[in-house]
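A.B. asks: here is a sequence together with a model predicted from it:
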Amino acid sequence: MAEVKSKYTKRIDGRKFNETRKVIAKVGVVPEADGSAMFSFGEGKEATTAIAAVHGPRTLHPQHMQNPKTGILRVNYDMLSFSVNERARPGPNRRSKEISEVSKWALSEVLELKDFPNAVVDVFISITQANASTRCAGINAASMALAHAGIPMKEMIGSISVGKLDRTMVVDVNKKEEDYEEGEGPTDIALAFTERKGKVTLMQLDGKIRPTELKEAVEIGRKAAMEIIKIQKDALKNVGGEK
Amino acid sequence: MSEEASEKKKRKIVAPGDVIVSGDDYLPGDGTERDDKEIIAKRYGLADEFGRLIKIIPLSGVFTPRRGNVIIGKVMDITFNGWIVEFGTAYNGFLPLSECPRYINQNDLAEHFAIDDLMVAKISGVKGRGIDLTIKGRGLGKVEKGIIMRVNSNKVPRIIGKEGSMISLIKEKTGCEITVGQNGLIWIKGNNIEDEILARKSIQFIEEKPFIEGLTDKMETWFKENK
């Protein structure tokens, strides 16, 4: 294995293979919401930024969606029209509906909504700037926002994307790396982990990968996700009692 | 006093999944969970020890109704034997006709409280998914005249102050009658609109301030500057 390793020692933007972009996390960015957070991979033009706002628990309408056994979670992922270079057509589309659904699955694993029958917790994720890994930034923002809203949850969730540049695994891909055509072609895996139990709550693969490589990808992803969770918690603790 | 000082030392902010303490000596309270030997935080807030019991005091999020809380709510709907009252929680409250202090004709419930009327009510019970209200008691009933303002419900204890010191200071300085609902709605009723606006400004001032020692003293100097 070792001799066929990549000819590269660094990535396009000078990062190490297991290094994420600079992570920025902030809690309490939407005053009208019950809980909110901003999460960003990178700074300036290179950044992927997501804002999550949580409303509820509140009464669920339409009534036929209510579940008398437990509260439910609704996630809405939205890429704002100015988030990419070419204007994105606003409103829900096939892609955003899929990401909303997988984000919901990733988050509901840790939430405990049993105490809120017939109620709903709404999470609105807005991508204000997109440069790959948007669903990961969205899940990270949502994890902080849910905690900030005081929703009972077992643990925090950290999400990270792992890419493959030819045969080298890299964490937190940007747009250029996501589309990297050389060698074995572009591969991008979105992953989400819970902190204490280390469960995988999201795994999506675009491209090709060998089973052994996938294990490696999950392991480096897990390490990066744990660091992200640490940053999330620091952000939560630094708002203190204020906001 | 000394008891409170020692309590403060133990408090720390926790996030979901944090280990608060480990050991078999502790009991998990509100917002916490036992996992083997460790007590884990299940929500974001201030971890507090009451003897052996560990619980979490919320710092943010929606208001959690408890028995005995005084709230200010809005009439959403009228049923044949009472009113449905909304006050910013997941479930609406219900004020039955029998919990009114005076006789009301059952055919004319809207005479007493019409839809969209505001009321000061007390939570008489929280049962599973229903909240029962009562307006029997002093200071409870319909909201008439004055202004209503909304603050973050987690900051209500600060507005009231230690044993009501802050709110009585504001009442004294502005000459207004102020009713603070635990859900974050505040009813200010004064002799003229200027007094009411002064009271509202002072409450907004407290809401913006972080928790600092001697906020009541600060408030007194604020009144000197702004009156």
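C.D. replies: Arrived safely, thanks for sending. Computed from a predicted structure; not experimentally measured.

A.B. asks: any idea which residue of chain A lies closest to chain B?
C.D. replies: Closest residue of chain A to chain B, C-beta to the nearest C-beta: A:Gly150 (2.5 Å). Every residue, glycine included, has its C-beta placed from N, CA and C.

A.B. asks: if I read this right, that residue contacts A:Gly35, doesn't it?
C.D. replies: Yes - between A:Gly150 and A:Gly35 there is a contact under C-beta atoms under 8 Å: 6.9 Å.

A.B. asks: need the residues touching each of these two.
C.D. replies: When contacts are counted by C-beta atoms under 8 Å, 6 or more residues apart in numbering or on different chains, the set common to A:Gly150 and A:Gly35 consists of B:Ser60, B:Gly61.

A.B. asks: send me the lowest-mean-pLDDT helix or strand in chain A as CSV with only the CA atoms.
C.D. replies: Lowest mean confidence among the helices and strands of chain A (mean pLDDT, DSSP states H and E): helix A:175-178, at a mean of 89. The C-alpha trace of helix A:175-178 is given here as CSV (Å, rounded to 0.1, in the frame of the first residue of the first chain):
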residue,chain,number,x,y,z
LYS,A,175,-14.8,22.9,-4.0
LYS,A,176,-11.5,22.3,-5.9
GLU,A,177,-10.8,19.1,-4.0
GLU,A,178,-14.4,17.9,-4.4
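
A.B. asks: which positions in it come out as buried?
C.D. replies: A:Glu177, A:Glu178 (16 or more other C-beta atoms under 10 Å in any protein chain shown).

A.B. asks: just after that helix, pick out the following helix or strand.
C.D. replies: Downstream of helix A:175-178, the next assigned helix or strand under DSSP states H and E is strand A:187-194.

A.B. asks: what residues does that next one touch?
C.D. replies: A:106, A:109-110, A:132-133, A:135-136, A:139, A:154-164, A:173, A:178, A:199-209, A:214, A:217-218, A:221-222, A:225-226, A:229.

A.B. asks: near chain B, list only the ones from those residues.
C.D. replies: When contact is defined as C-beta under 8 Å from any C-beta of the partner chain, the contacts of strand A:187-194 meet chain B at A:Val110, A:Lys154, A:Glu155, A:Met156.

A.B. asks: contact partners for the last one?
C.D. replies: To tie it back to what came earlier, the one meant is A:Met156. By C-beta under 8 Å, 6+ apart, the contact set of A:Met156 is A:Val110, A:Ser143, A:Met144, A:Ala147, A:Thr194, A:Glu195, A:Ile229, A:Gln232, A:Lys233, B:Ala15, B:Pro16, B:Gly17.

A.B. asks: residue contacts, the closest residue to B:Lys136 other than its chain neighbours?
C.D. replies: Spatial nearest neighbour of B:Lys136, chain neighbours left out: B:Pro101 (5.1 Å); criterion: C-beta to C-beta, 6 or more residues apart in numbering or on different chains. If you count contacts by C-beta under 8 Å, 6+ apart, B:Pro101 has them with B:Ile135, B:Lys136, B:Gly141.

A.B. asks: list only buried entries from those residues.
C.D. replies: The neighbour count (16+ other C-beta under 10 Å) marks B:Ile135, B:Gly141 as buried among those.

A.B. asks: just the contacts of B:Pro101 now: which is nearest chain A?
C.D. replies: B:Ile135 (22.8 Å).

A.B. asks: so what's the closest one scoring on pLDDT?
C.D. replies: You'll see B:Ile135 listed with a pLDDT of 93.
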